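Participant: With the sequence up front, the predicted model follows.
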Amino acid sequence: MLSPIASLPERLRSKPTNFLGWSEFRDPMVVGIMARSGYDAILLDQQHGFHDGASCIAGISAFPALMAFLQALEIYRSLCAKDKTSIRPARPFNRP
């Protein structure tokens with residue numbers, strides 16, 4: 001299994017088909033949603049989209065926060081499985 005921070009060449013060599021997400025929107029939340037959607041790489045388009053240097057840095061910075069959130073969610077779900085009285089999310093959260 002590849003590390004979450006594997007380089008693009010490593011990801012391209014790891015399987016015959018890779019999927020690229022193409023983001024034109026500046027909001028780091030959009031990039032975070034795309035990252036959670038299972039793309040092998042995400043392109044932040046500064047030429048045709050609305051990205052600039054600051055929005056690219058914000059989008060890239062969203063990845064560690066997203067990973068921390070997913071880890072916290074997994075811990076929460078495992079605790080809920082052990083304790084049947086815990087409040088659970090209204091809908092399931094699915095990762096790619």
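Facilitator: Received it, and whenever you're ready, just let me know what you need.
Participant: so where do the helices sit in this protein?
Facilitator: For the chain, helices defined by DSSP state H occupy the ranges 8-14, 28-36, 53-82.
Participant: just so I know, which of those lies nearest residue 47?
Facilitator: Among the helices of the chain, the nearest to residue 47 by C-beta to C-beta is helix 53-82 (12.0 Å). (Each C-beta comes from the backbone N, C-alpha and C, glycine too.)
Participant: so for that closest one, what's the average pLDDT?
Facilitator: The average pLDDT within helix 53-82 is 75.
Participant: helices or strands next to that helix in the packing?
Facilitator: Where contact means 3 or more C-beta pairs under 8 Å, 6 or more residues apart in numbering; DSSP states H and E, helix 53-82 is packed against helix 28-36, strand 41-44.
Participant: what's in contact with stretch 44-55?
Facilitator: 22-28, 31, 56, 59-60 (C-beta atoms under 8 Å, 6 or more residues apart in numbering).
Participant: and if you look at stretch 15-34?
Facilitator: Contacts to stretch 15-34, defined as C-beta under 8 Å, 6+ apart, come from residues 11-12, 35, 37-45, 48-52, 55, 58-63, 65-66.
Participant: What about the residue lying closest to residue 34 once chain neighbours are set aside, how many residues nearby?
Facilitator: Leaving out its chain neighbours, the residue that sits closest to residue 34 by C-beta to C-beta, 6 or more residues apart in numbering is residue 21, at 4.3 Å. With neighbours defined by other C-beta atoms under 10 Å, the count for residue 21 comes to 17.
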